[in-house]
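J.: let's see this in three dimensions:
(one chain, ligands or ions: 2)
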Amino acid sequence: MSHSIAVLPGDGIGPEITAPTLELLGELGDFTFTEHPFGGASIDVHGTALTDETLDACKRSDAVLLAAVGGPKWDTTDPSKPRPEQGLLGLRKQLGLFANLRPVRPVPALYDASALKREILDGTDLLVVRELTGGIYFGEKTRTATDASDLCHYTVAEVDRIARVAFDAARKRRNLVHSVDKANVLETSRQWRQVVHEVHGADYAEVQLEDQLVDSCAMELIARPTQFDVIVTENLFGDILSDAAAMLSGSLGMLPSASVGNPDGPGLFEPVHGSAPDIAGQGIANPLATFLSAAMLLRHGLGLEAEATAIEAAVDGALGDGLRTRDLGGTATTAEALDAVRRRLA
Ligand code: ATP
Ligand code: MG
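T.: Numbering: from 1, shown residues only. Ligands and ions are numbered 1, 2, ... in the order given. Alright, predicted model coming up:
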(Lines give C-alpha, C1' and ligand atoms only; values in the text may rest on other atoms or scores of the structure.)
(Ligands and ions follow the chains in the order given, each with its own letter.)
Protein backbone atom coordinates (compact mmCIF):
# COMPACT_ATOMS: atom_id res chain seq x y z
CA MET A 1 0.00 0.00 0.00
CA SER A 2 1.31 3.40 -0.98
CA HIS A 3 1.59 6.03 1.77
CA SER A 4 0.39 9.48 0.77
CA ILE A 5 2.61 12.38 1.78
CA ALA A 6 1.48 15.97 1.35
CA VAL A 7 4.54 18.05 0.50
CA LEU A 8 4.77 21.78 1.25
CA PRO A 9 8.06 23.11 -0.19
CA GLY A 10 7.27 26.69 0.89
CA ASP A 11 9.70 29.57 0.37
CA GLY A 12 13.40 30.44 0.14
CA ILE A 13 15.55 27.31 0.23
CA GLY A 14 12.39 25.22 0.79
CA PRO A 15 12.05 23.86 -2.76
CA GLU A 16 15.82 23.18 -3.00
CA ILE A 17 15.87 21.01 0.12
CA THR A 18 12.51 19.36 -0.58
CA ALA A 19 13.45 17.88 -3.97
CA PRO A 20 16.44 15.82 -2.73
CA THR A 21 14.41 14.68 0.29
CA LEU A 22 11.71 13.24 -1.98
CA GLU A 23 14.41 11.51 -4.02
CA LEU A 24 15.78 9.94 -0.86
CA LEU A 25 12.34 8.83 0.34
CA GLY A 26 11.62 7.40 -3.10
CA GLU A 27 14.50 4.97 -2.63
CA LEU A 28 13.06 3.69 0.64
CA GLY A 29 9.52 2.79 -0.26
CA ASP A 30 6.37 3.37 -2.21
CA PHE A 31 5.12 6.87 -1.47
CA THR A 32 2.68 9.12 -3.28
CA PHE A 33 3.81 12.75 -3.08
CA THR A 34 1.51 15.68 -3.81
CA GLU A 35 2.97 19.20 -3.66
CA HIS A 36 0.93 22.20 -2.54
CA PRO A 37 1.62 25.94 -2.34
CA PHE A 38 2.12 27.18 1.21
CA GLY A 39 3.42 30.29 2.97
CA GLY A 40 4.71 33.14 0.82
CA ALA A 41 4.41 31.02 -2.32
CA SER A 42 0.69 30.66 -1.58
CA ILE A 43 0.26 34.37 -0.75
CA ASP A 44 1.70 35.27 -4.16
CA VAL A 45 -0.79 33.09 -6.00
CA HIS A 46 -3.86 32.99 -3.76
CA GLY A 47 -3.48 35.95 -1.39
CA THR A 48 -3.41 33.73 1.68
CA ALA A 49 -0.67 31.60 3.27
CA LEU A 50 -2.91 28.56 3.71
CA THR A 51 -5.72 27.83 1.27
CA ASP A 52 -8.61 25.46 1.96
CA GLU A 53 -7.31 23.25 -0.86
CA THR A 54 -3.89 22.87 0.75
CA LEU A 55 -5.43 22.29 4.17
CA ASP A 56 -7.81 19.61 2.84
CA ALA A 57 -4.98 17.88 0.98
CA CYS A 58 -2.94 17.80 4.19
CA LYS A 59 -5.89 16.41 6.17
CA ARG A 60 -6.36 13.61 3.62
CA SER A 61 -2.67 12.61 3.67
CA ASP A 62 -0.89 10.11 5.93
CA ALA A 63 1.77 12.68 6.83
CA VAL A 64 2.82 16.20 5.88
CA LEU A 65 6.39 17.14 4.95
CA LEU A 66 7.13 20.87 5.16
CA ALA A 67 10.39 22.64 4.31
CA ALA A 68 10.20 26.31 5.39
CA VAL A 69 8.17 29.46 4.90
CA GLY A 70 8.79 33.21 4.99
CA GLY A 71 11.24 35.77 3.70
CA PRO A 72 11.79 39.52 3.38
CA LYS A 73 9.39 39.70 0.43
CA TRP A 74 6.44 39.08 2.78
CA ASP A 75 7.72 40.88 5.88
CA THR A 76 5.15 43.41 6.99
CA THR A 77 4.01 45.12 10.15
CA ASP A 78 0.63 45.85 8.60
CA PRO A 79 -1.81 43.50 10.40
CA SER A 80 -4.21 43.54 7.43
CA LYS A 81 -1.59 41.96 5.13
CA PRO A 82 -1.18 38.15 5.03
CA ARG A 83 2.03 36.70 6.46
CA PRO A 84 3.62 33.31 5.69
CA GLU A 85 3.92 32.38 9.38
CA GLN A 86 0.15 32.63 9.77
CA GLY A 87 -0.11 29.65 7.44
CA LEU A 88 2.12 27.59 9.68
CA LEU A 89 0.32 28.51 12.90
CA GLY A 90 -3.02 27.89 11.20
CA LEU A 91 -1.98 24.54 9.75
CA ARG A 92 -0.74 23.25 13.11
CA LYS A 93 -3.94 24.39 14.80
CA GLN A 94 -6.23 22.99 12.08
CA LEU A 95 -4.48 19.61 12.16
CA GLY A 96 -4.75 19.51 15.97
CA LEU A 97 -0.98 19.30 16.39
CA PHE A 98 -0.29 20.51 19.89
CA ALA A 99 3.10 18.87 20.53
CA ASN A 100 6.37 19.77 18.83
CA LEU A 101 9.15 17.21 19.20
CA ARG A 102 12.73 18.31 18.64
CA PRO A 103 15.42 15.71 19.20
CA VAL A 104 18.96 16.95 19.78
CA ARG A 105 21.70 14.39 19.34
CA PRO A 106 25.04 15.91 18.37
CA VAL A 107 26.87 13.80 15.76
CA PRO A 108 30.45 13.00 16.87
CA ALA A 109 31.77 13.93 13.39
CA LEU A 110 30.46 17.47 13.99
CA TYR A 111 31.62 18.05 17.57
CA ASP A 112 34.24 20.47 16.31
CA ALA A 113 31.56 22.58 14.58
CA SER A 114 29.79 23.19 17.89
CA ALA A 115 30.57 26.14 20.12
CA LEU A 116 30.81 23.66 22.99
CA LYS A 117 33.63 21.33 23.96
CA ARG A 118 33.63 17.66 22.98
CA GLU A 119 33.62 16.65 26.69
CA ILE A 120 30.39 18.59 27.25
CA LEU A 121 28.65 17.27 24.12
CA ASP A 122 29.65 13.63 24.31
CA GLY A 123 26.65 11.51 25.28
CA THR A 124 24.06 14.25 24.71
CA ASP A 125 20.76 12.78 23.51
CA LEU A 126 17.73 14.82 24.44
CA LEU A 127 14.22 15.55 23.23
CA VAL A 128 12.50 18.90 23.67
CA VAL A 129 8.70 18.54 23.82
CA ARG A 130 7.21 21.97 23.23
CA GLU A 131 3.52 22.85 23.64
CA LEU A 132 2.51 24.32 20.31
CA THR A 133 -1.03 25.65 20.22
CA GLY A 134 -1.48 27.56 23.47
CA GLY A 135 0.24 30.15 25.61
CA ILE A 136 1.25 33.68 24.76
CA TYR A 137 1.51 33.08 20.99
CA PHE A 138 -2.23 32.47 20.80
CA GLY A 139 -3.54 34.71 23.59
CA GLU A 140 -5.45 37.90 23.01
CA LYS A 141 -3.29 40.69 21.58
CA THR A 142 -3.94 44.38 22.00
CA ARG A 143 -2.10 47.44 20.81
CA THR A 144 -2.83 51.13 21.25
CA ALA A 145 -0.65 54.15 20.53
CA THR A 146 0.82 53.92 24.02
CA ASP A 147 0.78 50.27 25.07
CA ALA A 148 0.62 46.66 23.95
CA SER A 149 -0.14 43.31 25.53
CA ASP A 150 -0.06 39.58 24.77
CA LEU A 151 -2.11 37.33 27.00
CA CYS A 152 -0.69 33.99 28.15
CA HIS A 153 -3.44 31.44 28.69
CA TYR A 154 -3.48 27.67 29.29
CA THR A 155 -6.26 25.29 30.23
CA VAL A 156 -5.68 22.32 32.52
CA ALA A 157 -6.57 20.01 29.61
CA GLU A 158 -3.89 21.56 27.37
CA VAL A 159 -1.20 20.99 30.01
CA ASP A 160 -2.45 17.48 30.77
CA ARG A 161 -2.20 16.28 27.17
CA ILE A 162 1.28 17.70 26.50
CA ALA A 163 2.53 16.19 29.77
CA ARG A 164 1.33 12.78 28.55
CA VAL A 165 3.21 13.16 25.26
CA ALA A 166 6.40 13.87 27.25
CA PHE A 167 5.97 10.99 29.71
CA ASP A 168 5.12 8.57 26.87
CA ALA A 169 8.27 9.67 25.02
CA ALA A 170 10.39 9.27 28.15
CA ARG A 171 9.15 5.71 28.62
CA LYS A 172 10.62 4.82 25.22
CA ARG A 173 13.86 6.63 26.08
CA ARG A 174 15.61 6.95 29.47
CA ASN A 175 12.60 7.53 31.73
CA LEU A 176 13.47 11.06 32.80
CA VAL A 177 11.39 14.23 32.31
CA HIS A 178 12.42 17.79 33.15
CA SER A 179 9.30 19.96 33.31
CA VAL A 180 10.32 23.55 32.65
CA ASP A 181 8.36 26.58 33.82
CA LYS A 182 8.68 29.94 35.61
CA ALA A 183 6.51 29.03 38.59
CA ASN A 184 8.17 31.60 40.84
CA VAL A 185 6.51 34.44 38.90
CA LEU A 186 3.85 33.17 36.45
CA GLU A 187 0.38 31.89 37.34
CA THR A 188 0.25 29.81 34.12
CA SER A 189 3.49 28.17 35.30
CA ARG A 190 2.09 27.38 38.75
CA GLN A 191 -0.85 25.67 37.05
CA TRP A 192 1.57 23.92 34.65
CA ARG A 193 3.63 22.49 37.50
CA GLN A 194 0.58 21.28 39.43
CA VAL A 195 -1.00 19.57 36.41
CA VAL A 196 2.25 17.91 35.33
CA HIS A 197 2.61 16.45 38.83
CA GLU A 198 -1.00 15.24 38.87
CA VAL A 199 -0.55 13.44 35.53
CA HIS A 200 2.73 12.01 36.76
CA GLY A 201 1.30 10.76 40.03
CA ALA A 202 -1.76 9.25 38.37
CA ASP A 203 -0.24 7.46 35.38
CA TYR A 204 3.54 7.81 35.13
CA ALA A 205 4.92 7.45 38.64
CA GLU A 206 7.78 5.23 37.40
CA VAL A 207 9.16 8.05 35.24
CA GLN A 208 11.57 10.35 37.06
CA LEU A 209 10.21 13.91 37.09
CA GLU A 210 12.23 17.06 37.81
CA ASP A 211 10.93 20.64 37.90
CA GLN A 212 13.22 23.28 36.52
CA LEU A 213 12.92 27.04 36.09
CA VAL A 214 13.39 28.14 32.49
CA ASP A 215 16.36 30.39 33.20
CA SER A 216 18.15 27.60 35.04
CA CYS A 217 17.31 25.17 32.24
CA ALA A 218 18.83 27.51 29.63
CA MET A 219 22.06 27.57 31.62
CA GLU A 220 22.16 23.82 32.28
CA LEU A 221 21.50 23.04 28.60
CA ILE A 222 24.76 24.72 27.67
CA ALA A 223 26.74 23.66 30.74
CA ARG A 224 25.66 20.03 31.24
CA PRO A 225 23.40 18.85 28.37
CA THR A 226 23.96 15.13 29.05
CA GLN A 227 21.79 15.32 32.20
CA PHE A 228 18.63 15.71 30.08
CA ASP A 229 16.44 13.08 28.49
CA VAL A 230 13.03 14.70 27.83
CA ILE A 231 12.39 18.41 28.43
CA VAL A 232 8.72 19.43 28.37
CA THR A 233 7.68 23.06 28.37
CA GLU A 234 5.13 25.59 27.16
CA ASN A 235 5.12 27.29 23.78
CA LEU A 236 7.32 30.38 24.25
CA PHE A 237 9.90 28.73 26.54
CA GLY A 238 10.05 25.77 24.19
CA ASP A 239 10.66 27.98 21.17
CA ILE A 240 13.66 29.58 22.87
CA LEU A 241 15.08 26.49 24.57
CA SER A 242 14.91 24.38 21.45
CA ASP A 243 16.86 26.97 19.47
CA ALA A 244 19.47 27.07 22.25
CA ALA A 245 19.61 23.27 22.28
CA ALA A 246 19.92 23.42 18.49
CA MET A 247 23.35 24.97 18.77
CA LEU A 248 24.64 21.85 20.53
CA SER A 249 24.45 20.18 17.14
CA GLY A 250 26.72 22.73 15.52
CA SER A 251 24.24 23.97 12.96
CA LEU A 252 20.63 24.87 12.53
CA GLY A 253 20.95 22.98 9.25
CA MET A 254 21.04 19.66 11.15
CA LEU A 255 17.85 19.74 13.22
CA PRO A 256 14.58 17.96 12.44
CA SER A 257 11.23 18.38 14.17
CA ALA A 258 7.83 16.75 14.33
CA SER A 259 4.48 18.24 15.25
CA VAL A 260 2.11 15.58 16.53
CA GLY A 261 -0.75 15.02 18.93
CA ASN A 262 -3.79 14.16 16.83
CA PRO A 263 -4.26 10.38 16.78
CA ASP A 264 -6.80 10.64 13.93
CA GLY A 265 -4.85 12.87 11.56
CA PRO A 266 -1.43 13.33 9.97
CA GLY A 267 1.60 14.72 11.75
CA LEU A 268 3.67 17.58 10.34
CA PHE A 269 7.41 17.09 9.86
CA GLU A 270 9.80 19.94 9.15
CA PRO A 271 13.35 21.14 9.72
CA VAL A 272 13.84 23.54 12.63
CA HIS A 273 15.60 26.15 10.48
CA GLY A 274 13.81 28.81 8.48
CA SER A 275 13.73 29.56 4.77
CA ALA A 276 17.26 31.06 4.76
CA PRO A 277 16.50 33.71 2.11
CA ASP A 278 20.15 34.85 2.26
CA ILE A 279 21.31 31.67 0.51
CA ALA A 280 18.17 30.73 -1.45
CA GLY A 281 18.60 29.77 -5.09
CA GLN A 282 22.31 29.00 -4.82
CA GLY A 283 22.09 25.23 -4.39
CA ILE A 284 24.21 25.33 -1.23
CA ALA A 285 21.58 24.77 1.49
CA ASN A 286 22.15 21.90 3.89
CA PRO A 287 19.34 19.38 3.27
CA LEU A 288 20.23 17.12 6.22
CA ALA A 289 17.67 18.58 8.66
CA THR A 290 14.99 17.88 6.08
CA PHE A 291 16.34 14.35 5.51
CA LEU A 292 16.18 13.82 9.28
CA SER A 293 12.65 15.29 9.36
CA ALA A 294 11.71 12.73 6.73
CA ALA A 295 13.14 10.08 9.06
CA MET A 296 10.89 11.38 11.86
CA LEU A 297 7.98 11.27 9.40
CA LEU A 298 8.71 7.63 8.65
CA ARG A 299 9.00 6.77 12.36
CA HIS A 300 6.27 8.87 14.00
CA GLY A 301 3.98 9.40 11.02
CA LEU A 302 4.04 6.06 9.21
CA GLY A 303 5.49 3.64 11.76
CA LEU A 304 8.40 2.74 9.45
CA GLU A 305 11.12 2.43 12.09
CA ALA A 306 13.69 0.51 10.01
CA GLU A 307 13.52 3.03 7.16
CA ALA A 308 13.80 5.94 9.62
CA THR A 309 16.89 4.44 11.22
CA ALA A 310 18.38 3.83 7.78
CA ILE A 311 18.18 7.55 6.92
CA GLU A 312 19.64 8.58 10.28
CA ALA A 313 22.51 6.12 9.97
CA ALA A 314 23.20 7.23 6.38
CA VAL A 315 23.33 10.89 7.48
CA ASP A 316 25.73 10.06 10.32
CA GLY A 317 27.78 7.96 7.92
CA ALA A 318 27.98 10.67 5.28
CA LEU A 319 29.14 13.19 7.89
CA GLY A 320 31.70 10.65 9.07
CA ASP A 321 32.87 10.40 5.44
CA GLY A 322 33.55 14.14 5.58
CA LEU A 323 30.40 15.64 4.06
CA ARG A 324 30.30 19.34 5.00
CA THR A 325 27.94 21.90 3.52
CA ARG A 326 28.72 25.60 3.82
CA ASP A 327 26.94 25.99 7.20
CA LEU A 328 29.19 23.20 8.55
CA GLY A 329 32.36 24.93 7.39
CA GLY A 330 32.72 23.04 4.11
CA THR A 331 31.99 23.55 0.43
CA ALA A 332 29.58 20.70 -0.41
CA THR A 333 26.47 21.65 -2.39
CA THR A 334 22.94 20.43 -1.72
CA ALA A 335 23.27 17.94 -4.60
CA GLU A 336 26.57 16.62 -3.23
CA ALA A 337 24.95 16.16 0.17
CA LEU A 338 22.24 14.02 -1.40
CA ASP A 339 24.86 11.93 -3.22
CA ALA A 340 26.88 11.39 -0.04
CA VAL A 341 23.82 10.24 1.94
CA ARG A 342 22.62 8.08 -0.93
CA ARG A 343 25.98 6.29 -1.14
CA ARG A 344 25.64 5.39 2.55
CA LEU A 345 22.05 4.26 2.09
CA ALA A 346 23.04 1.85 -0.66
P1 ATP B 1 12.70 31.86 10.61
O2 ATP B 1 12.21 33.12 11.19
O3 ATP B 1 11.90 31.36 9.47
O4 ATP B 1 12.99 30.81 11.64
P5 ATP B 1 15.33 32.83 10.65
O6 ATP B 1 15.47 34.24 10.22
O7 ATP B 1 15.30 32.53 12.09
O8 ATP B 1 14.08 32.20 9.94
P9 ATP B 1 16.82 30.92 9.10
O10 ATP B 1 16.05 31.07 7.86
O11 ATP B 1 16.70 29.64 9.82
O12 ATP B 1 16.54 32.08 10.09
O13 ATP B 1 18.34 31.22 8.82
C14 ATP B 1 19.26 31.58 9.84
C15 ATP B 1 20.68 31.45 9.28
O16 ATP B 1 20.98 30.04 9.14
C17 ATP B 1 20.83 32.06 7.91
O18 ATP B 1 22.11 32.63 7.78
C19 ATP B 1 20.70 30.88 6.98
O20 ATP B 1 21.39 31.04 5.78
C21 ATP B 1 21.25 29.73 7.80
N22 ATP B 1 20.58 28.47 7.48
C23 ATP B 1 19.33 28.10 7.85
N24 ATP B 1 19.00 26.92 7.36
C25 ATP B 1 20.06 26.50 6.63
C26 ATP B 1 20.35 25.33 5.86
N27 ATP B 1 19.46 24.33 5.72
N28 ATP B 1 21.54 25.26 5.25
C29 ATP B 1 22.45 26.24 5.37
N30 ATP B 1 22.25 27.36 6.08
C31 ATP B 1 21.07 27.49 6.71
MG1 MG C 1 14.03 31.46 13.49
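
J.: near ligand 1, which residues of the chain show up?
T.: Contact residues, the chain versus ligand 1 (Cβ under 6 Å from any ligand atom): 13, 70, 252-253, 273-276, 278-279, 285-286, 289, 327. Just so you know, the C-beta spots here come from the backbone N, C-alpha and C atoms, and that holds for glycine as well.

J.: lowest-confidence entry in the residues you listed?
T.: Minimum pLDDT across the residues of the chain next to ligand 1 is recorded for L252, with 77.

J.: leaving out chain neighbours, which residue sits closest to it?
T.: Of all residues not flanking L252 in the chain, H273 sits nearest, at 4.2 Å (Cβ to Cβ, 6 or more residues apart in numbering).

J.: tell me how far the host helix or strand of A295 is from the chain's mean position?
T.: If you go by DSSP states H and E, A295 is part of helix 288-296. Chain-centre distance of helix 288-296: 10 Å, with Cα atoms, centre = their mean, to the nearest Å.

J.: care to break this protein down by domain?
T.: Per the record, the chain has its domains at 1-112+254-345, 115-249, by the TED database.

J.: filter the residues of the chain next to ligand 1 down to the ones in helices?
T.: A289 (DSSP state H).

J.: of the residues of the chain next to ligand 1, buried ones?
T.: For the residues of the chain next to ligand 1, a burial check counting by 16 or more other Cβ atoms under 10 Å picks out 13, 70, 252-253, 273-276, 279, 285-286, 289, 327.

J.: can you put these in TSV and add distance to L116?
T.: Putting these into TSV (distance: Cβ to Cβ, whole Å) gives the following:
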residue	distance to L116
I13	26
G70	29
L252	15
G253	17
H273	19
G274	23
S275	27
A276	23
I279	25
A285	24
N286	20
A289	19
D327	17
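
J.: surely L66 is in a strand?
T.: Yes: assessed by DSSP: H, G, I helix; E, B strand; the rest coil, L66 belongs to a strand.

J.: do you know how far it is from I240?
T.: Noted for L66: a distance of 21 Å to I240, by Cβ to Cβ, to the nearest Å.

J.: between these two, who's got more neighbours?
T.: L66 (26 against 14; other Cβ atoms under 10 Å).

J.: nearest residue to L304 other than its sequence neighbours?
T.: Among residues not flanking L304 along the chain, L298 sits closest, at 4.1 Å (Cβ to Cβ, 6+ apart).

J.: what residues are up against that neighbour?
T.: L25, L28, L304, E305, E307, A308, I311 (Cβ atoms under 8 Å, 6 or more residues apart in numbering).

J.: swap the cut-off to 7 Å and go again
T.: The contact partners of L298, by Cβ atoms under 7 Å, 6 or more residues apart in numbering, come to L304, E307, A308.

J.: list the contacts of the last one.
T.: A308 makes contact with A295, L298, R299 under the criterion Cβ under 7 Å, 6+ apart.

J.: what about it, which helix or strand?
T.: Using DSSP H and E, the element containing A308 is helix 305-320.

J.: now that helix: mean pLDDT?
T.: 95.

J.: what's the angle from it to helix 288-296?
T.: With axes from the mean of the first three to the mean of the last three Cα atoms, to 10 degrees as the basis, helix 305-320 and helix 288-296 are set at 160 degrees to each other.

J.: who are the packing partners of the following helix or strand past helix 305-320?
T.: Counting by DSSP H and E, the element after helix 305-320 in chain order, helix or strand, is helix 334-345. Helix 334-345 is packed against helix 14-26, helix 305-320, with contacts defined by 3 or more Cβ pairs under 7 Å, 6 or more residues apart in numbering; DSSP states H and E.

J.: deepest-packed of those helices, please.
T.: helix 14-26 (a mean of 21; mean count of other Cβ atoms under 10 Å).

J.: any idea how far it is from the chain center?
T.: For helix 14-26, the distance to the chain centre is 17 Å (Cα atoms, centre = their mean).

J.: that's all I had, so thanks and see you.
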